[in-house]
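Chemist: Requesting a structural model of the entry that follows:
(one chain, ligands or ions: 1)
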Amino acid sequence: MKRFRIAFLFFPTLLFFVISAQASIFQTGKVVGVSDGDTVTVLVDRTPVKVRLYGIDCPEGGQDFGNRAKQFASNMVFGKTVTMEVHDTDRYGRTVANILIGDKSLNEELIKAGFAWVYNQYCKIPICRKWYQYEAQAQKQRNGLWRHPNPIPPWEFRRGKTTINKDPGSISTGVYRGNTRSMVFHQSTCKHFKCKNCTDVFQDREKAIKAGYRPCGNCKP
Ligand SMILES: [Zn+2]
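Modeler: Next up is the predicted model:
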């Protein structure tokens with residue numbers, strides 16, 4: 001009897017270690033909402049769960065191909081029962097997962113069709129290597145957003161938007177901008193000019209240098 005009780009006590013602990021040793025857990029549910037290409041709502045045990053697709057980033061609603069990405073995701077999973085390979089929970093409390101439908105992955109199909117970028121900052125598991133190949137292939141075939149002459153990664157688009165909202169005056173004024181974190185300054189033609197930390201504005205380069213900034217190696221102000 002005693003031995004049985006010990007086994008009973010240890011079993012949940014053991015199960016916990018078996019689960020956490022695996023990379024991910026699986027959940028099944030029906031897709032009841034598609035907010036955009038990379039965010040869906042899945043009903044799991046009658047509870048709606050907001051799911052952010054793992055390792056990819058789709059164009060935002062305000063960006064070119066944002067609606068197309070949403071439509072693509074919608075066509076593929078809306079109203080259907082999917083399996084989620086859960087990897088994480090993000091800082092907004094959303095479940096971060098690979099969404100599987102039959103033998104296909106929504107994440108992968110979005111990349112292949114050119115409606116998503118591999119989110120290099122977050123895509124860290126072995127499968128990401130394969131996803132970069134799909135992305136390169138989509139670029140080569142000019143699928144989806146890759147036929148755009150100047151596709152802007154959504155994470156850069158969001159950053160630009162945040163800066164404008166936070167500091168509307170400084171965008172139009174100033175010839176040079178200093179990155180307060182890296183202490184590098186840029187001219188207005190530089191792709192880094194509107195970066196998140198580029199909040200120090202200068203009318204001439206001497207002032208920027210005097211303030212302790214060094215010129216950017218790309219735009220050479
Ligand atoms: Zn620069």
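Chemist: Show me the shaky parts of this protein.
Modeler: Applying pLDDT under 70 to the chain flags residues 1-24, 161-174.
Chemist: Looking at it, which strand is longest?
Modeler: strand 25-36 (DSSP state E).
Chemist: Check which helices and strands that one is in contact with.
Modeler: strand 39-44, strand 47-53, helix 66-77, strand 81-89, strand 95-101 (3 or more Cβ pairs under 8 Å, 6 or more residues apart in numbering; DSSP states H and E). C-beta here means a position set from N, CA and C on the backbone, and glycine is covered the same way.
Chemist: at 7 Å instead, please
Modeler: strand 39-44, helix 66-77, strand 81-89 (3 or more Cβ pairs under 7 Å, 6 or more residues apart in numbering; DSSP states H and E).
Chemist: For the ion, which of those is the nearest?
Modeler: helix 66-77 (27.6 Å; Cβ to the ion).
Chemist: What are the buried residues along that closest one?
Modeler: The neighbour-count check on helix 66-77 (16 or more other Cβ atoms under 10 Å) flags 66, 68-70, 72-74, 76-77 as buried.
Chemist: before we move on, the earlier item: so can I have CSV of the helices and strands packed on strand 25-36 showing distance to M183?
Modeler: Formatted as CSV, the helices and strands packed on strand 25-36 follow (distance: least, Cβ to Cβ, whole Å):
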stretch, distance to M183
strand 39-44, 36
helix 66-77, 35
strand 81-89, 33
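Chemist: how about these in JSON lines, adding distance to the ion?
Modeler: As requested, the helices and strands packed on strand 25-36 are arranged in JSON lines below (distance: least, Cβ to the ion, whole Å):
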{"stretch": "strand 39-44", "distance to the ion": "32"}
{"stretch": "helix 66-77", "distance to the ion": "28"}
{"stretch": "strand 81-89", "distance to the ion": "33"}
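Chemist: wait, which of the ones you listed is closest to A113?
Modeler: Ranking the helices and strands packed on strand 25-36 by proximity to A113 (Cβ to Cβ) places helix 66-77 first, at 5.9 Å.
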